[in-house]
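*Asks:* need a structure here:
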Amino acid sequence: MFDWLYEADLTILYPLTFVLIAGAAEFGARIGRRSHRVAHGAADTATLTGAALGLLALLLGFSFSLAVSRYEARRDLVLEEANAIGSTANFALMLPEAKQKPILGLLREYTAVRIGLGVPYDPAKLKRDVARSVELQNRLWQQAVAVTASAPQSLPAYRFVASLNEMNNIHERRLSALRYHIPGAVMFLLIAVAMVAIGFTGYHAGAQASHARVATFIMSLTVAVVVMLVIDLDRPARGVIREPVQALIDAQRGIPP
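*Replies:* Modelled structure (predicted):
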């Protein structure tokens, strides 16, 4: 229901989030100032404001930590895949010379697909990349079957098959890491709590007859930036923070022609 947070353009989502949070602060400040004028001194809301900001800090810390851990997991999977492709290419060089060229050619094609997996963001492109990856895997397995059939007791063939199997397993793990993210409901709750917390801050400032609009504006901007950073970290195919694929580029360059 809330997954549109990960599909929306960041140039639209960020201003919208900032407007919502800053609007909540201004709304709270107006109510606070009205309360001050009517009651000639509103009740102390420092405790409620502190509690709301504490809850916001807890949710921000939890969400940021989870987003960073997922980003690191995707980065590590890229490195694992690059290592698996490099190992498979090295073991292919130990096979009979007639089998090396077609296998290495397929590995170069496969690596090229994996470098651009789902980038730029387009569900249709991701689907095509996955289909192409599976097709190349099947062709590599056909080569592996032919090699093992001609030399079933060959140690190089056994190592090549084991490395190819690991490469295929990483393919599935990387796809899972790309497809799943922090639930949109959690991010929606984070934005809602940010609005409540900053709204309480504005109310407290208004009730104390404090003219702190600039400070409230800066606070709203800071919270919005952190929330957007959490969302951006969990969107590997779009946004400012991208998944590094240099390891795969290096692996492709290392495959002999």
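
*Asks:* from memory A52 sits against A194, does it?
*Replies:* No. The pair A52 and A194 does not pass the contact test of Cβ atoms under 8 Å, sitting 9.5 Å apart. Where you see a C-beta, it was placed from the backbone N, CA and C, and this is true even at glycine.

*Asks:* Looking at these two now, which is surrounded by more residues?
*Replies:* Shown here are A52 and A194; by other Cβ atoms under 10 Å, A194 has more neighbours (25 against 21).

*Asks:* Strands of the stretch 1-150 of the chain, start to end?
*Replies:* Ranges of strands within the stretch 1-150 of the chain: none, based on DSSP state E, counting those that start in this stretch.

*Asks:* With V113 as the reference, measure out to the residue nearest to L93 when sequence neighbours are not counted.
*Replies:* Excluding its sequence neighbours, the residue lying closest to L93 (Cβ to Cβ, 6 or more residues apart in numbering) is Q100, at 6.1 Å. Between Q100 and V113 the distance, using Cβ to Cβ, to the nearest Å, works out to 21 Å.

*Asks:* same question, N90
*Replies:* 20 Å.

*Asks:* cool, E243 as well?
*Replies:* From E243 over to V113 the distance is 15 Å, taken as Cβ to Cβ.

*Asks:* Equivalent analysis for I85, please.
*Replies:* 11 Å.

*Asks:* Same drill for these two, tell me which one is more crowded.
*Replies:* I85 (26 against 17).

*Asks:* Can you show me the helices along this protein?
*Replies:* 4-7, 10-39, 46-92, 97-115, 123-150, 155-179, 184-207, 213-233, 246-254 (DSSP state H).

*Asks:* Lowest average pLDDT across these?
*Replies:* Comparing mean pLDDT across those, the weakest is helix 4-7, with a mean of 72.

*Asks:* Spit out the contact partners of G32.
*Replies:* 42, 45, 202-208 (Cβ atoms under 8 Å, 6 or more residues apart in numbering).

*Asks:* With the flanking residues excluded, which residue is spatially nearest to it?
*Replies:* Using Cβ to Cβ, 6+ apart, the nearest residue to G32 is G206, at 2.5 Å.

*Asks:* and the gap between the nearest residue to I249 once chain neighbours are set aside and N138?
*Replies:* Excluding its sequence neighbours, the residue lying closest to I249 (Cβ to Cβ, 6+ apart) is I115, at 6.1 Å. Counting by Cβ to Cβ, the separation of I115 from N138 is 20 Å.

*Asks:* For those two, indicate the residue with more neighbours.
*Replies:* Neighbour count, other Cβ under 10 Å: between I115 and N138, I115 has more, with 18 against 10.

*Asks:* The more buried one contacts A251, correct?
*Replies:* No. Here I115 does not reach A251: they are 9.1 Å apart, not a contact under Cβ under 8 Å.

*Asks:* list residues touching both of these two?
*Replies:* Common neighbours of I115 and A251 (Cβ under 8 Å, 6+ apart) do not exist.

*Asks:* wait, what's in contact with the residue nearest to T201 when sequence neighbours are not counted?
*Replies:* Once flanking residues are discounted, T201 sits nearest to T49: 5.6 Å by Cβ to Cβ, 6+ apart. Going by Cβ under 8 Å, 6+ apart, T49 touches 197, 200-201, 203-204.

*Asks:* ok, residues contacting stretch 109-116?
*Replies:* So stretch 109-116 is contacted by 81, 85, 129, 132-133, 136-137, 140, 171, 174, 245, 248-249, 251-252, 255 (Cβ under 8 Å, 6+ apart).

*Asks:* do stretch 226-242 as well
*Replies:* The contact list for stretch 226-242, computed with Cβ under 8 Å, 6+ apart, reads 5-6, 10, 13-14, 17, 60, 63-64, 67-68, 70-71, 74, 118-121, 126, 178, 181-182, 187, 190-191, 194, 243.

*Asks:* Buried ones among the residues you listed?
*Replies:* Buried members of these, counted by 16 or more other Cβ atoms under 10 Å: 5-6, 13-14, 17, 60, 63-64, 67, 70-71, 74, 118-119, 126, 178, 181-182, 187, 190-191, 194, 243.
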